[in-house]
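Novice: Build me a structure from this.
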Amino acid sequence: MTTELCLEIAGVLVGLLYLYYEYKASALLWIAGVIMPALSLVVYYNAGLYADLAINIYYMFAAVYGWIAWHFYKKDDKPAEMPVSKMPRPFYVPAALITVALTATLSFVLAIFTDSTVPVWDSFTTALSVVAMWMLSRKYVEQWLVWVVVDVVSAGLYIYKGIYFYAALYALYAVVAIFGYINWKKMMHAND
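Specialist: Sure, this is the predicted structure:
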């Protein structure tokens, strides 16, 4: 078994823990959110998925930010658990514009400066993931719907690139994201 395959399998196992903790809205997801991307860096580099490599570096920093945001959340100047909520409507257009701008910019960079065979799809999943991670750090319920899109496209991309364990993981992520959305909606309504 190669080192790369071991890293891929370990990344999948930590990814499953991450998904479990995210589904439960547990802050432990942020610990797994640092470990899984660190394990994935070599896998994505060797597959030529450079935007995915970059997003995993972002994920590590975003996990630290998410943990801080959840851990130090205050309501009425008192420590409190951050509630699950809907994303405010005024954030929809900026989120979409950020996704489009990042996709275009990353696609250009990958097409010109790398040997990527899938610059647009790699860039799209990366850009959308940036937005989804920010939404997760704010506990917006809609983040699950964004992840469904990211996960379905990523699973197809990983099959195309021959990263089958990650393809299976992201296909599972897509299914769990649907149930996560339902679960978080229940949590959100329980806080009303």
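
Novice: all helices of this structure, in order?
Specialist: 3-23, 29-47, 50-71, 92-113, 119-137, 143-161, 164-190 (DSSP state H).

Novice: just checking, which of the ones you listed sits deepest inside the structure?
Specialist: Across the helices of the chain, averaging neighbours per residue (mean count of other Cβ atoms under 10 Å) puts helix 119-137 on top, at a mean of 23. C-beta coordinates here come from the backbone N, C-alpha and C atoms, glycine included.

Novice: Out of the helices of the chain, flag the one nearest Met82.
Specialist: Set against Met82 and scored by Cβ to Cβ, the helices of the chain come closest in helix 50-71, at 5.3 Å.

Novice: give me every residue that touches the spatially most central residue of the chain.
Specialist: For the chain, the residue nearest the mean C-alpha position is Ser129 (4.9 Å; Cα atoms, centre = their mean). Contacts for Ser129 (Cβ atoms under 8 Å, 6 or more residues apart in numbering) come out as Ile55, Tyr58, Tyr59, Val150.

Novice: now Thr3
Specialist: Contacts of Thr3 (Cβ under 8 Å, 6+ apart): Val42.

Novice: Dump the helices of the chain to CSV, plus distance to Ser85 and mean pLDDT.
Specialist: Below are those laid out as CSV (distance: least, Cβ to Cβ, whole Å; pLDDT from 0 to 100):
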stretch, distance to Ser85, mean pLDDT
helix 3-23, 16, 88
helix 29-47, 17, 89
helix 50-71, 13, 88
helix 92-113, 14, 96
helix 119-137, 11, 93
helix 143-161, 11, 96
helix 164-190, 6, 92
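
Novice: With distance to Asp77 as added columns, please give these in CSV.
Specialist: Below are the helices of the chain laid out as CSV (distance: least, Cβ to Cβ, whole Å):
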stretch, distance to Asp77
helix 3-23, 28
helix 29-47, 24
helix 50-71, 16
helix 92-113, 28
helix 119-137, 21
helix 143-161, 26
helix 164-190, 23
